[in-house]
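[1] Just to be clear, the model below is a prediction. Sequence and coordinates:
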Amino acid sequence: GTYTASFSSYLLTTSASPTAGGTVSPPGGSYYAPGAVVNLVATPQTGYAFAGWTANVADQRASTTITMISPQTVTALFSSVQVTATAFVYNRSTKTFNSTYTIMNTSGQTLAVPLQLVLTALPAGVTVANPSGTYGGNSFVTGPGSAALSPGASVSVSVQFSDPSNGTISATPLVYSGVL
């Protein structure tokens with residue numbers, strides 16, 4: 001008998017908009033077998049919030065998938081935000097250090113809620129005492145509100161840190177729009 005082998009693959013092109021807003025994994029262009037389900041992860045840079053995806057992705061979460069039914073071009077959308085935090089206040093009854101993070105939408109686009117404040121780069125031993133969950137190994141706290149965050153508007157997120165060693169508390173906050 002005669003056997004015919006056919007080889008084909010589809011190109012997945014990924015990018016971030018704006019480029020300074022964050023990163024996308026996998027980066028650039030890669031080829032995948034037809035029907036392959038590819039994991040996509042968007043990570044905002046400081047000063048930006050992950051706002052969503054263009055293209056035919058499974059959902060608008062920062063960590064999602066795309067099925068390679070044809071060549072695909074996917075862009076992670078980021079919006080500029082400004083995150084400020086109040087000084088830490090120690091609460092004797094909860095034994096936590098409390099701070100309020102304010103997320104201001106400094107972009108020209110409306111940001112979908114809920115806004116998620118992911119706290120990265122915590123010093124050893126420091127934990128978030130009031131997490132809404134974890135994402136990528138880091139605790140996050142969900143911001144209040146059910147209405148989209150208009151340009152210029154802001155939302156405040158209360159965060160409690162546990163620090164048994166009473167050392168210096170610091171965190172790098174990353175902002176995600178929507179559900180993680």
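    It's in.
[2] Would you mind listing where the chain has pLDDT under the threshold?
    By pLDDT under 70, the low-scoring segments of the chain are 4-7.
[3] switch the cut-off to 90
    For the chain, applying pLDDT under 90 flags the ranges 1-8, 28, 55-56, 94, 113, 145-147, 163-168, 178-180.
[4] May I ask you to name the longest strand in it?
    strand 72-85 (DSSP state E).
[5] what comes up buried for that strand?
    Gln72, Val74, Thr75, Ala76, Leu77, Phe78, Ser79, Ser80, Val81, Val83 (16 or more other Cβ atoms under 10 Å). The way it works is simple: take the backbone N, C-alpha and C, and place the C-beta from them, glycine included.
[6] Kindly report the same for stretch 45-64.
    Across stretch 45-64, burial judged by 16+ other Cβ under 10 Å covers Gln45, Tyr48, Ala49, Phe50, Ala51, Gly52, Trp53, Val57, Arg61, Ala62, Ser63, Thr64.
[7] Also stretch 106-118?
    For stretch 106-118, a neighbour-count test (16+ other Cβ under 10 Å) marks Ser107, Gln109, Thr110, Leu111, Ala112, Val113, Pro114, Leu115, Gln116, Leu117, Val118 as buried.
[8] and what of stretch 157-170?
    For stretch 157-170, a neighbour-count test (16+ other Cβ under 10 Å) marks Val157, Val159, Gln160, Phe161, Asp163, Ile169 as buried.
[9] cool, stretch 128-143 as well?
    Neighbour-count burial for stretch 128-143 [16+ other Cβ under 10 Å]: Val128, Ala129, Pro131, Ser132, Tyr135, Asn138, Ser139, Phe140, Val141, Thr142, Gly143.
[10] Gly167 reaches Val126, doesn't it?
    Yes. If you go by Cβ atoms under 8 Å, Gly167 and Val126 touch, sitting 7.4 Å apart.
[11] Which elements pack onto the strand or helix carrying Val118?
    Assigned by DSSP states H and E, Val118 falls within strand 115-120. If you count contacts as 3 or more Cβ pairs under 8 Å, 6 or more residues apart in numbering; DSSP states H and E, strand 115-120 packs onto strand 96-105, strand 138-142, strand 154-162, strand 172-177.
[12] JSON lines for those, including distance to Leu40?
    Shown next, in JSON lines, are the helices and strands packed on strand 115-120 (distance: least, Cβ to Cβ, whole Å):
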{"stretch": "strand 96-105", "distance to Leu40": "24"}
{"stretch": "strand 138-142", "distance to Leu40": "19"}
{"stretch": "strand 154-162", "distance to Leu40": "26"}
{"stretch": "strand 172-177", "distance to Leu40": "14"}
